[in-house]
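Enquirer: Fold the following for me, if possible:
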Amino acid sequence: MSEAAEAPVSSTGSPAKYVQEMSRDGDEPPPRYIVKQIPNSSPPSAPVPVIDLSQLSSPEELGKLRSALSSWGCFQAIGHGISSSFLDKIRHVTKQFFALPTDEKLKYARETYDMEGYGNDPVLSDKQVYDWCDRLFLNLIPQDSRKLHLWPANPSEFREVLDEYSVNMKLIVELLLKAMARSLNLEEDCFLKQYEDKELMAARFNYYPACPKPDSVLGAKAHSDGSAITILLQDQEVEGLQMFKDDQWFRVPILPHAFVVNAGDQIQIMSNGIFKSPLHRVSTSSEKDRISLAVFHLPNPEVEIEPVKGLIDEKWPQQYRKLKNYSAINFECFQNGKIALETVRI
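Expert: Numbers count the residues shown, from 1 in each chain. Here you go, the predicted structure:
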């Protein structure tokens, strides 16, 4: 096996060879990609709840929302108001970008140990198992945090499409945060107030190439998200997302033009553990490449969050401590195989 295929850590704090290149060149996954045991590697399809966002003014749909987030921690969102043609366009520019020659994509490469830009995730531990995934990670909100030199100019529509997508995502997140509060009989702005008007939103474009060892390599290790809310646009054809519930894994089916919305750790903290941030992972396919686009929404790291007072009483005391910069805690724990929520539980 060549030196490149061994995937040593490069000066960028990541594997020296991109996953897409390894798949294209027919390389076997190097040892650092191998998961010793993938439990239930071929799970059944999940009956993930479906929520119509256009009906969240109704008590019935609010009840379904609360039930979905309290049990599954996720749901398939329909009635979101974004046209199927626009969703097709965002998928199209994503595929176009990852189809570019490596040298062209490297114009947008992330800097050493920085999250933003094209490449692999930073390597934080010599015991870290790598994910079979290349990604493009870009900040969306606040707008002055955008590193526009990392926003691809090729394909030509990419920047315009992503900017429009970010506007739509912000509207959906605000709708959801208010509806989630109402579903708990709270003031609808109670979660948003914890943001103190200092929100962050970022996009992660994922490319999961075909893998010759799908039974021992994951596109993303099992983890929960450090966000408050994550909105995922799945691949149109290739499944991969899996959720953990009731001590077993389930495949999340593809629902055309729906989003998979999941609660992140920070909303689990703010809801005092009522809403669940689900453990999830991404499988690999031996035959097909897969893309997805995840948008993460969360408070600014400088803002302290804590469980909403109205959700604390003698029967259900405060579950989590007051804290800030949770996403950094989550990312470090994820790379080291720890459960971040357990480190902040009272």
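Enquirer: how about the helices in the stretch 151-300 of the chain?
Expert: Assigned helices in the stretch 151-300 of the chain, in chain order: 158-183, 190-195, 265-270 (criterion: DSSP state H, counting those that start in this stretch).
Enquirer: Now render the ones you listed as a markdown table, adding distance to Glu314 and mean pLDDT.
Expert: In short, each C-beta sits where N, CA and C put it, glycine included. Output for the helices of the stretch 151-300 of the chain, formatted as a markdown table (distance: least, C-beta to C-beta, whole Å; pLDDT from 0 to 100):
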| stretch | distance to Glu314 | mean pLDDT |
| --- | --- | --- |
| helix 158-183 | 22 | 98 |
| helix 190-195 | 21 | 95 |
| helix 265-270 | 20 | 96 |
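Enquirer: hey, which of those is tucked in deepest?
Expert: Among these, helix 265-270 has the highest mean neighbour count (mean count of other C-beta atoms under 10 Å), at a mean of 26.
Enquirer: From Asp25, how far out is the residue most central in space within the chain?
Expert: The residue lying closest to the centre of the chain (C-alpha atoms, centre = their mean) is Ala294, at 4.7 Å. Here Ala294 is placed at a distance of 27 Å from Asp25 (C-beta to C-beta, to the nearest Å).
Enquirer: repeat for Tyr33
Expert: Distance from Tyr33 to Asp25, counting by C-beta to C-beta: 15 Å.
Enquirer: can you give me the strands in the stretch 151-300 of the chain?
Expert: Counting by DSSP state E, counting those that start in this stretch, the stretch 151-300 of the chain has strands at residues 199-208, 220-223, 229-233, 241-245, 248-251, 259-263, 280-282, 290-299.
Enquirer: Which of the ones you listed has the lowest mean pLDDT?
Expert: Among the strands of the stretch 151-300 of the chain, strand 220-223 carries the lowest mean pLDDT, a mean of 91.
Enquirer: Report the separation between the closest residue to Glu104 other than its chain neighbours and Tyr118.
Expert: The shortest distance from Glu104 to any non-neighbouring residue, by C-beta to C-beta, 6 or more residues apart in numbering, is to Asn154 (6.4 Å). Relative to Tyr118, Asn154 is positioned 12 Å away (C-beta to C-beta).
Enquirer: And Asp215, by the same measure?
Expert: On the measure of C-beta to C-beta, Asp215 and Tyr118 end up 28 Å apart.
Enquirer: Those two: who's more crowded?
Expert: Tyr118 (25 against 12; other C-beta atoms under 10 Å).
Enquirer: just checking, that one touches Glu111?
Expert: No - the criterion here is C-beta atoms under 8 Å, and Tyr118 misses it with Glu111 at 11.0 Å.
Enquirer: What sits closest to Pro307 if chain neighbours are left out?
Expert: Closest residue to Pro307 apart from its sequence neighbours, by C-beta to C-beta, 6+ apart: Asn272 at 3.6 Å.
Enquirer: And the one you found, how far from Asn40?
Expert: Plainly put, Asn272 is 30 Å away from Asn40 if you go by C-beta to C-beta.
Enquirer: for Pro31, same thing?
Expert: Taking C-beta to C-beta as the measure, Pro31 falls 23 Å from Asn40.
Enquirer: quick one: low-confidence parts of the stretch 1-150 of the chain?
Expert: Along the stretch 1-150 of the chain, segments meeting pLDDT under 70 span 1-16.
Enquirer: redo that, cut-off 50
Expert: Scanning the stretch 1-150 of the chain with the threshold set as pLDDT under 50 gives 1-12.
Enquirer: now the strands for it?
Expert: 50-52, 74-78, 117-119, 134-141.
Enquirer: of all those strands, which lies closest to His257?
Expert: Minimum separation from His257 across the strands of the stretch 1-150 of the chain (C-beta to C-beta) falls at strand 74-78, 7.8 Å.
Enquirer: and stretch 258-269, how far apart are its ends?
Expert: Stretch 258-269 has an end-to-end distance of 26 Å (C-alpha to C-alpha, to the nearest Å).
Enquirer: now stretch 128-146
Expert: Termini of stretch 128-146 sit 29 Å apart (C-alpha to C-alpha).
Enquirer: Please name the residues that touch Gly117.
Expert: The contact partners of Gly117, by C-beta atoms under 8 Å, 6 or more residues apart in numbering, come to Tyr108, Ala109, Arg110, Glu111, Leu136, Phe137, Leu138, Lys147, Leu150.
Enquirer: still on that earlier bit, which of Asn272 and Asn40 has more neighbours?
Expert: More neighbours surround Asn272 than the other of Asn272 and Asn40, with 21 against 12 (other C-beta under 10 Å).
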